[in-house]
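**Q** give me coordinates for this.
(2 chains)
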Protein chains: 2
Amino acid sequence: MNVDYASALATADAPAPGEVWLVGAGPGDPGLLTRRAASALARADLVLHDALPGRAMLRLVGPGATIVPVGKRKGLAPLPQPKINARLIAGARAGLRVVRLKGGDPFLFGRGGEEAQALAAAGIPWRVVPGVSAGTAAPAAAGIPLTHRGLASTVTFVTGHDETGSLPESIDWQALGRGGGTIAAFMAASKLDEIALRLLAAGRSPATPVAVVAQASLPGQAVLRTTLGQCTLEARRAGLPTPALVVIGEVAGLAAALLPAVGQAASLSRSA
Amino acid sequence: MNVDYASALATADAPAPGEVWLVGAGPGDPGLLTRRAASALARADLVLHDALPGRAMLRLVGPGATIVPVGKRKGLAPLPQPKINARLIAGARAGLRVVRLKGGDPFLFGRGGEEAQALAAAGIPWRVVPGVSAGTAAPAAAGIPLTHRGLASTVTFVTGHDETGSLPESIDWQALGRGGGTIAAFMAASKLDEIALRLLAAGRSPATPVAVVAQASLPGQAVLRTTLGQCTLEARRAGLPTPALVVIGEVAGLAAALLPAVGQAASLSRSA
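**A** Below you'll find the model as predicted:
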């Protein structure tokens, strides 16, 4: 019987010396970091972080630690994946407590599997600290449940970008368009026209509600509420910031009934 | 232009008096609670919680608070949803700081949308604190990335149970079986035979790797590693505890290469 009791989840307060933790930072708000992620940051010797985790979050890193940004920064390309892997391995071999801080969740469009593979191949012990994915936090910010009785009993997460920047060829848009479940597309703002066309061609109604949620949980948060038929044009006009998550499906239309109770305090009405 | 800047995400340390927060507890390990969820528990006056959040997590609730279990308990049925809603509304109207603590994430198979609807209809202000979903934490525990370059660029979350306890009729298994993406099924252990049959009938290979992850992040965590063709029989033999999440797809086969580096310390080899 192939039952095993090993766990790839971190359970201590921080990585042991020579260990690498792949840590989910959540969508950006430091309040949405897990308690374990926060304790790991406080005790790490070396933190390699993506572009998303901002200054407020990096303030949680202890005073003696080395902090290395590896994502896109002003005027600089992100560090290539093999160099990130090499830096993680070198840190662990030097006996450091290493944290690899990644936006959202490491194993949901986070390329954490590739880093775990590189670490395993090098014989470096690793663990994962799952995080709140933008895939759930961004819809929540917009008042949208991903699944809802009578409206959607499945949700499919897709990405607008493969490694080359194109819409992934392997996605079966025909099947997605035919089904009635919720679709949540990561990094999809620039591919919204292609995605909408494929889903419309597969038979999804142009009246299907769509929400484009930009910078969820961050100060720049903004939500465009539109439809599958109108979203390409409206998103271009709105010019929302990135990153953005696109929610497609009947659940995206629920927010109108739910959000009034959120109260006016959080709501700024601006004309675009 | 339908752009709005309202947010349903909680941003304070705790609910204001008369406010209800729908709070994700994560998969069970108190270390996977978010910092905001922990501060909300510490300051709440009234906490209604599901069966999943255990004693270790409830120890984070402040000393003066009332704690009401509403999930399944020994010998007791869960409180019906309308009664939960009524209790939340009554607590808020009495001016209490109310936390509704839900396993995983409130808006991903958490029925949080129904509670938000009831609160909105009653004019009660509500906010959401997203949590780490079992949908990402359980695969991570088993060393399985949900998406992985060259193996899967989509993941679909489904549930094995609708409100009546049946496999939801609205799921397009034909489309799911035809696609090559990862499938993660919540509360699916008792419906594994039906799910496997439908996916095999739709053309998924019987050799497709499957992992059944029971009690992820909890002391009873156990993972059955099998295939789509064998999973029904093997799961029955293994008799794993609930709750369990089932991961179906090529990514479930990656763990063999990734887990050795997790180290032997966490691994207990037991014969079933």
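**Q** so where's chain A shaky on pLDDT?
**A** A:1, A:261-272 (pLDDT under 70).
**Q** quick one: the helices in it?
**A** Counting by DSSP state H, chain A has helices at residues A:35-43, A:55-58, A:81-93, A:112-121, A:134-141, A:173-178, A:192-201, A:231-238, A:255-258.
**Q** quick one: distance of the fourth one to the chain centre.
**A** Put simply, helix A:112-121 sits 19 Å off its chain's centre (Cα atoms, centre = their mean, to the nearest Å).
**Q** before we move on, the earlier item: do you know which of the helices of chain A lies nearest B:G71?
**A** Of all the helices of chain A, helix A:134-141 sits nearest to B:G71, with 20.5 Å by Cβ to Cβ. C-beta here means a position set from N, CA and C on the backbone, and glycine is covered the same way.
**Q** quick check: closest non-adjacent residue to A:L224.
**A** Nearest non-adjacent residue to A:L224, counting by Cβ to Cβ, 6 or more residues apart in numbering or on different chains: A:V212, 4.2 Å away.
**Q** contacts only, for that neighbour.
**A** For A:V212, the contact set (Cβ atoms under 8 Å, 6 or more residues apart in numbering or on different chains) comprises A:189, A:192, A:223-224, A:226, A:231, A:235, A:238, A:240, A:244-247.
**Q** give me the buried positions along stretch A:27-45.
**A** Buried positions in stretch A:27-45, judged by neighbour count with 16 or more other Cβ atoms under 10 Å in any protein chain shown: A:27-41, A:43-45.
**Q** for that stretch, C-alpha coordinates in CSV please.
**A** The C-alpha trace of stretch A:27-45 is given here as CSV (Å, rounded to 0.1, in the frame of the first residue of the first chain):
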residue,chain,number,x,y,z
PRO,A,27,-1.5,38.8,-2.4
GLY,A,28,0.6,41.7,-0.9
ASP,A,29,-1.1,42.9,2.3
PRO,A,30,1.3,41.9,5.2
GLY,A,31,-1.8,41.0,7.2
LEU,A,32,-2.5,38.2,4.8
LEU,A,33,0.9,36.6,5.5
THR,A,34,0.6,33.4,7.5
ARG,A,35,2.0,33.3,11.0
ARG,A,36,4.6,30.7,10.0
ALA,A,37,5.7,32.9,7.0
ALA,A,38,6.2,35.8,9.4
SER,A,39,8.2,33.8,11.9
ALA,A,40,10.4,32.5,9.1
LEU,A,41,11.1,36.0,7.8
ALA,A,42,12.0,37.1,11.3
ARG,A,43,14.6,34.4,11.7
ALA,A,44,16.0,33.9,8.2
ASP,A,45,19.6,34.6,7.3
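**Q** does any part of that stretch sit near chain B?
**A** Yes: on the criterion Cβ under 8 Å from any Cβ of the partner chain, stretch A:27-45 is in touch with chain B at A:P27, A:D29, A:P30, A:G31, A:L32, A:L33, A:T34, A:R35, A:R36, A:A38, A:S39.
**Q** and the closest residue to the second one other than its chain neighbours, how far from A:A140?
**A** The shortest distance from A:D29 to any residue that is not its chain neighbour, by Cβ to Cβ, 6+ apart, is 3.9 Å, and that residue is A:S217. As judged by Cβ to Cβ, to the nearest Å, A:S217 and A:A140 stand 9 Å apart.
**Q** next one: A:A189
**A** In terms of Cβ to Cβ, A:A189 sits 19 Å off from A:A140.
**Q** strands of the stretch 101-250 of chain A, start to end?
**A** Assigned by DSSP state E, counting those that start in this stretch, the stretch 101-250 of chain A shows strands spanning A:126-129, A:154-159, A:182-186, A:209-214, A:222-227, A:244-248.
**Q** could I get those as CSV with distance to A:N2?
**A** Compiled in CSV, the strands of the stretch 101-250 of chain A are given as follows (distance: least, Cβ to Cβ, whole Å):
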stretch, distance to A:N2
strand A:126-129, 21
strand A:154-159, 28
strand A:182-186, 32
strand A:209-214, 40
strand A:222-227, 45
strand A:244-248, 36
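**Q** and the ones you listed, which is most packed in?
**A** Most buried of the strands of the stretch 101-250 of chain A, by mean neighbour count (mean count of other Cβ atoms under 10 Å in any protein chain shown): strand A:126-129, with a mean of 30.
**Q** any residues touching that one, and which ones?
**A** Here strand A:126-129 makes contact (Cβ under 8 Å, 6+ apart) with A:8-11, A:15, A:19-24, A:34, A:36-37, A:40, A:106-107, A:112, A:115-116, A:119-120, B:31-32, B:140, B:261-262.
**Q** distance from that strand to the middle of the chain?
**A** Relative to its chain's centre, strand A:126-129 lies at 17 Å (Cα atoms, centre = their mean).
**Q** if we can go back for a sec, out of the contacts of A:V212, the closest to B:L60 would be?
**A** A:L245 (29.7 Å).
**Q** run through the bridge partners of that closest one.
**A** Taking DSSP bridges as the rule, A:L245 bridges to A:F186, A:V213.
**Q** quick one: it and A:L192 touch, right?
**A** No: contact criterion Cβ atoms under 8 Å: A:L245 and A:L192 do not qualify, at 11.4 Å.
**Q** now stretch A:215-230 - C-alpha only, CSV.
**A** Provided in CSV are the C-alpha atoms of stretch A:215-230 (Å, rounded to 0.1, in the frame of the first residue of the first chain):
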residue,chain,number,x,y,z
GLN,A,215,-3.6,45.0,-7.2
ALA,A,216,-5.9,43.1,-4.9
SER,A,217,-5.2,43.9,-1.2
LEU,A,218,-2.7,46.6,-2.1
PRO,A,219,-3.4,50.4,-1.9
GLY,A,220,-3.9,50.6,-5.7
GLN,A,221,-6.7,48.0,-5.7
ALA,A,222,-9.3,48.6,-8.4
VAL,A,223,-12.0,46.4,-9.9
LEU,A,224,-13.5,46.7,-13.4
ARG,A,225,-17.0,45.1,-13.6
THR,A,226,-17.9,44.2,-17.1
THR,A,227,-19.1,41.3,-19.3
LEU,A,228,-17.4,38.8,-21.6
GLY,A,229,-18.6,40.7,-24.6
GLN,A,230,-17.4,44.1,-23.4
